[in-house]
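1. Model the following, please.
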Amino acid sequence: MWSKPFRVSQRERDRPAVQSIHVSKRESVKKVAIVQSNYIPWKGYFDMIASVDEFILYDDMQYTRRDWRNRNLIKTPQGAQWLTVPVVVKGRYFQTIRETEIDVADWRAAHWRSLVQNYKRAACFTEVSAWLEPIYVEESFSHLSVLNRRLIEAICAYLGIKTVITNSWDYELIEGKTERLADLCRQAGGTAYTSGPAAKDYIDPEVFRAAGIELTWFDYSGYSEYKQLWGEFTHGVSILDLLFACGKDAARYMKYVR
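-> Below is the predicted model:
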């Protein structure tokens, strides 16, 4: 069957061949981050999610008490206040985040009341509560890891973050702190690994170098202030503070969310 011959324009003929090679190399890059799940994390956590192609929730790690796994801060007239999810820890000294069970059922109503009391005056409270309230009021959770992922994914959906979120148990886990991270990144098809700056204390960059994976450190500095309730501005609170204040405009106060 006769078909019209393909013709290359003068513009296409004059384009340097190296350009297509550069694009191909750029498209082959896959960025991965591997972080423990947190309860309603702060804005920097979601910026890291938005900055990578795959975000692995590292909940095979040991649960740590008095940490961000089951609690976070909100603003109140009395200052920053903790919202803490009660979990079963007695006698379970070595349980992972994945294994950690939620202790009582009535914490959800108490947390929602606190959010309403402290943010009902915020400009976008009604808009955000339309999808957030049902999670607290209608859904139930037996394990912390499931709760955290549910909230993280709901917030990502609202912000339009398209990053693929997976669990560490979706992959094989090897021994060694840095070796495991590099291998998880490799299994996920990652060519670049993004880490929080606190991990500089234990990550061995040579392991990533030997695996051919680029290691970069995420920068949490330089955030702009927004119209926040209750006194002096505080960056280190749950992202819900930003969402209630700014709604969809929250992206204006973040680095990688568009």
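2. Can you give me every residue that contacts Thr166?
-> Thr166 makes contacts with 54-57, 188, as judged by C-beta atoms under 8 Å, 6 or more residues apart in numbering. Where C-beta positions appear, they are placed from N, C-alpha and C, glycine not excepted.
3. Can you tell me the element it falls in?
-> Here Thr166 sits within strand 164-167, counting by DSSP states H and E.
4. for the helix or strand just after that strand, which positions count as buried?
-> Downstream of strand 164-167, the next assigned helix or strand under DSSP H and E is helix 177-187. Neighbour counts over helix 177-187 (16 or more other C-beta atoms under 10 Å) mark 178, 180-186 as buried.
5. and if you look at stretch 60-78?
-> For stretch 60-78, by 16+ other C-beta under 10 Å, it's 60-61, 63, 68-75.
6. can you check stretch 89-108 too?
-> Applying 16+ other C-beta under 10 Å to stretch 89-108 flags 96-100, 102, 107-108 as buried.
7. Widest-spaced pair of those residues?
-> Spatial extent of these (C-beta to C-beta) is set by the pair Thr96 and Arg108 at 23.0 Å.
8. Doesn't Ala250 lie inside a strand?
-> No - assessed by DSSP: H, G, I helix; E, B strand; the rest coil, Ala250 does not belong to a strand; its assignment is helix.
9. Can I get the buried residues of helix 177-187 in JSON lines including distance to Gly212 and pLDDT?
-> Shown next, in JSON lines, are the buried residues of helix 177-187 (distance: C-beta to C-beta, whole Å; pLDDT from 0 to 100):
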{"residue": "Thr178", "distance to Gly212": "14", "pLDDT": "98"}
{"residue": "Arg180", "distance to Gly212": "17", "pLDDT": "98"}
{"residue": "Leu181", "distance to Gly212": "14", "pLDDT": "98"}
{"residue": "Ala182", "distance to Gly212": "10", "pLDDT": "98"}
{"residue": "Asp183", "distance to Gly212": "12", "pLDDT": "98"}
{"residue": "Leu184", "distance to Gly212": "15", "pLDDT": "98"}
{"residue": "Cys185", "distance to Gly212": "10", "pLDDT": "98"}
{"residue": "Arg186", "distance to Gly212": "9", "pLDDT": "98"}
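10. Out of the contacts of Thr166, which is nearest to Gly160?
-> Phe55 (14.9 Å).
11. so the closest one, which of the three states?
-> strand.
12. Could you check how far it is from Tyr39?
-> Phe55 sits at a distance of 16 Å from Tyr39 (criterion: C-beta to C-beta, to the nearest Å).
13. Between these two, tell me which one has more neighbours.
-> Phe55 (26 against 20; other C-beta atoms under 10 Å).
14. State the mean pLDDT of the strand holding Thr166.
-> Strand 164-167 comes out with an average pLDDT of 98.
15. can you check stretch 210-219 too?
-> So the average pLDDT for stretch 210-219 ends up being 98.
16. ok, now stretch 189-205?
-> Mean per-residue pLDDT for stretch 189-205: 97.
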